[in-house]
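Novice: Predicted model, plus sequence, below.
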Amino acid sequence: MLPQHLRTLAGSGPEVQVDVEGAVTIRSVLDAVEARYPVLRGTIRDHGTLQRRPFLRYFACEEDLSLQPGDTALPEAVVSGKEPFLVIGAIAGG
Amino acid sequence: MSRVRVLVGTRKGAFILEADGKRQNWSITGPHFAGWEMYHLKGSLVDPNRIYASQTSGWFGQVIQRSNDGGKTWEVPGGSMPTVGPDGMPQGMSNQFAYDAASAPLTTHQWYDGTQHPWEFKRVWHMEPSLTDADTVYAGVEDAALFKSTDGGVSWHELSGLRGHGSGPQWQPGAGGMGLHTIVLDPKNPDRIFIAISAAGCFRTDDGGKTWKPINQGLRSQYIPDPNAEIGHCVHHIAAHPSRPDVLFMQKHWDIMRSDNAGDLWHEVSGNLPTDFGFVIDVHAHEPETIYVVPIKSDSEHFPIDGKLQVYRSRTGGNEWEALTKGLPQKDCYVNVLRDAMAVDRLDNCGVYFGTTGGQVYCSPDAGDSWQAIVHDLPAVLSVEVQTLP
């Protein structure tokens, strides 16, 4: 699930489905998203370090994964496609 | 009849204003890139349909946009098609501005409190298309550096000689950040470029960007430890007439300055201005000695004196200034006009344009004698550029 501005930039809907080979981790999912939508490179993670941009957060199955390492495995519900992996803009309200 | 296209960058998107040569009836499109900060848009002189735009966000970083049809449609160069490079990695490098640390090691710069601070890319402040090639474009960025693309914005490389000049640890951010905000290309000498950084000052290259020389002699800034220092002046904007690129005009933090020798020496031409603080400065399209500024009350009160919005014009290259007020609000006006938010068109009767932090874009179709608001209620205007079209 992408925040509004990145949906517009990518020309996608709110939810993007990607195929991931091998382990389904935060890093491999974001790699797959950026491979499908190169325009998003640098908008979620820094170009060089691949670190999460500071005002974005990652969630899955109501768990905050923002501070977890990139090789953190995502829950089975995300792997199977039942639940989304969410990229959310922090401080989005007033 | 010729037409004009005004490119407006705002805090919440971009807008394109178009009119015929009379400049009375305007069509407005936008917001383009709604919700994003559009620091700057500028069209190519070689191909006016080619427009480059800097789209930026504290959340999502930097995006470069490009139009090939005058702003009707946009693309992220290299980022719209998922292609794979020789290394197997997806392409789409158009948004990447990586400092060339191999050629010029990343140093630190001076922070607000005088300590040293890491050099970090934040955003593109200014885009300057080449005068001879629509695919070549320069980008001035924060933290200060100059980048160049020769493939229409698909990839960027730093002209690292500037950042590697050796004075980097003395550069420090102005209130808006440490941005390289002004790029002036010399129409007579393709190897000569002038740039300005807040707060480092002006630099000039005479070899296409390999080496750079500080050109700040004559500037005097009482707010820095050595008022006559070679580095550290908060230059807000510089402008030159294309026919006389050796004559430069500067709006410094305080002071209007002029150089008649390509920046080697400056002298003050503030003359009878009511205040010489401000951000914008520009030159009439056909009269190289006619220049425009918008005086702002002070560095701590960024609005016009007494709530009266006034453009000042000098027809003598400075020193003697006249207030231009017809059509501008003369009471209760407390907007600012930011450094990239003034431009001129090239019609026979030169048009002058500026945008305000209150969301107005004003046009004078008669070189400043009278003004009209093209739009009243845009988001805060960050930049204004004008294209004169056939």
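Specialist: Ah, there it is.
Novice: ok, how many other residues are close to the residue in chain A positioned nearest to chain B?
Specialist: With CB to the nearest CB, the shortest gap between chain A and chain B falls at A:Pro38, namely 2.7 Å. Quick note: C-beta positions are derived from backbone N, CA and C, even for glycine. A:Pro38 has 24 neighbours, counted by other CB atoms under 10 Å in any protein chain shown.
Novice: Now do the contacts for the residue nearest the centre of chain B.
Specialist: With distances taken as CA atoms, centre = their mean, B:Asp340 lies nearest the centre of chain B, 3.9 Å away. Residues in contact with B:Asp340 (CB atoms under 8 Å, 6 or more residues apart in numbering or on different chains) are B:9, B:39-40, B:125-126, B:181-182, B:237, B:280, B:382-385.
Novice: Cross-reference these with the strands and report the matches.
Specialist: The members of the contacts of B:Asp340 that map onto strands under DSSP state E are B:9, B:39-40, B:125-126, B:181-182, B:237, B:382-385.
Novice: so where do the helices sit in chain A?
Specialist: Per DSSP state H, chain A carries helices over the ranges A:4-10, A:26-36, A:76-79.
Novice: Same question for the stretch 151-300 of chain B.
Specialist: Using DSSP state H, counting those that start in this stretch, the helices of the stretch 151-300 of chain B run over B:160-163.
Novice: how about the helices of chain A in JSON lines, adding distance to chain B, mean neighbour count and mean pLDDT?
Specialist: Supplementary listing: the helices of chain A in JSON lines, determined by distance: least, CB to the nearest CB, whole Å; neighbours: other CB atoms under 10 Å in any protein chain shown; pLDDT from 0 to 100:
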{"stretch": "helix A:4-10", "distance to chain B": "6", "mean neighbour count": "18", "mean pLDDT": "92"}
{"stretch": "helix A:26-36", "distance to chain B": "5", "mean neighbour count": "19", "mean pLDDT": "94"}
{"stretch": "helix A:76-79", "distance to chain B": "22", "mean neighbour count": "14", "mean pLDDT": "96"}
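Novice: would JSON lines of those with distance to A:Arg57 be doable?
Specialist: Shown next, in JSON lines, are the helices of chain A (distance: least, CB to CB, whole Å):
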{"stretch": "helix A:4-10", "distance to A:Arg57": "13"}
{"stretch": "helix A:26-36", "distance to A:Arg57": "12"}
{"stretch": "helix A:76-79", "distance to A:Arg57": "15"}
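Novice: Get me the contact residues on chain A for chain B.
Specialist: Proximity of chain A to chain B (CB under 8 Å from any CB of the partner chain) is limited to residues A:3-6, A:8-9, A:34-39, A:41-44, A:46-48, A:53, A:55-56, A:89-90.
Novice: Mind doing that once more with 7 Å?
Specialist: With CB under 7 Å from any CB of the partner chain as the criterion, chain A meets chain B at residues A:5-6, A:9, A:34-36, A:38-39, A:41-43, A:47-48, A:53, A:55-56, A:89.
Novice: how about B:Ser167, what does it touch?
Specialist: Neighbouring residues of B:Ser167 by CB atoms under 7 Å, 6 or more residues apart in numbering or on different chains: B:214, B:231.
Novice: scratch that, B:Ser259
Specialist: So B:Ser259 contacts B:248, B:265-266 (CB under 7 Å, 6+ apart).
Novice: Drop anything exposed from those.
Specialist: B:248, B:266 (16 or more other CB atoms under 10 Å in any protein chain shown).
Novice: And stretch B:192-207, end to end?
Specialist: 6 Å (CA to CA, to the nearest Å).
Novice: in it, what counts as buried?
Specialist: B:192-205.
Novice: got the residues you listed as CSV, with pLDDT and distance to B:Arg220 columns?
Specialist: As requested, the buried residues of stretch B:192-207 are exported to CSV (pLDDT from 0 to 100; distance: CB to CB, whole Å):
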residue, pLDDT, distance to B:Arg220
B:Arg192, 98, 25
B:Ile193, 98, 25
B:Phe194, 98, 20
B:Ile195, 98, 21
B:Ala196, 98, 16
B:Ile197, 97, 18
B:Ser198, 93, 17
B:Ala199, 92, 14
B:Ala200, 96, 16
B:Gly201, 97, 12
B:Cys202, 98, 14
B:Phe203, 98, 18
B:Arg204, 98, 19
B:Thr205, 98, 25
